[in-house]
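**Student:** here you go, sequence then predicted model.
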Amino acid sequence: MVAPIDPQTEANHRAGTAFNMMMHRFFDEHQAPWVLMEWIHNVEVAFRFCHVRHQLHVDLATMRLRGHALIWWLSMPKRHILNCPQILEMLRDEFELPPYEATVE
């Protein structure tokens, strides 16, 4: 007999799977800054659309990084304590993006 699956665990899995299906990987340092801004916006929309819990935002978003952005992320200390608004601010600083009003909390 299979043990019942915790409803929250199942919901997290469904949300994460849907998010990963919607989002492409990012970021190539040779792309224009507006491409990163568009990607950030799309991540925020996908979080809302997929009903992703706030606790999963950082892990799901950073799983989609590659290239220079992934190297940058892996070099960050204490990444597990950061939240999405902090990461978005750090991305803006690192990649010299213009001001952007984040909608993820």
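**Tutor:** Nice, I can see it. The model shown is predicted, which means the values in this text are computed figures rather than measured ones.
**Student:** if I look at the residue sitting nearest the centre point of the chain, how far off is W73?
**Tutor:** Note on the chain: the residue nearest the mean C-alpha position is A61, at 1.7 Å, using CA atoms, centre = their mean. A61 sits 9 Å away from W73, going by CB to CB, to the nearest Å. For glycine as for every other residue, the C-beta is placed from the backbone atoms N, C-alpha and C.
**Student:** mind jotting down where the strands sit in this protein?
**Tutor:** Secondary structure of the chain (DSSP state E): no strands located.
**Student:** tell me where it has helices.
**Tutor:** Applying DSSP state H to the chain gives helices spanning 7-22, 33-49, 54-63, 67-74, 84-94.
**Student:** and the ones you listed as JSON lines, adding mean pLDDT?
**Tutor:** JSON lines is the format used below for the helices of the chain (pLDDT from 0 to 100):
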{"stretch": "helix 7-22", "mean pLDDT": "76"}
{"stretch": "helix 33-49", "mean pLDDT": "81"}
{"stretch": "helix 54-63", "mean pLDDT": "84"}
{"stretch": "helix 67-74", "mean pLDDT": "84"}
{"stretch": "helix 84-94", "mean pLDDT": "77"}
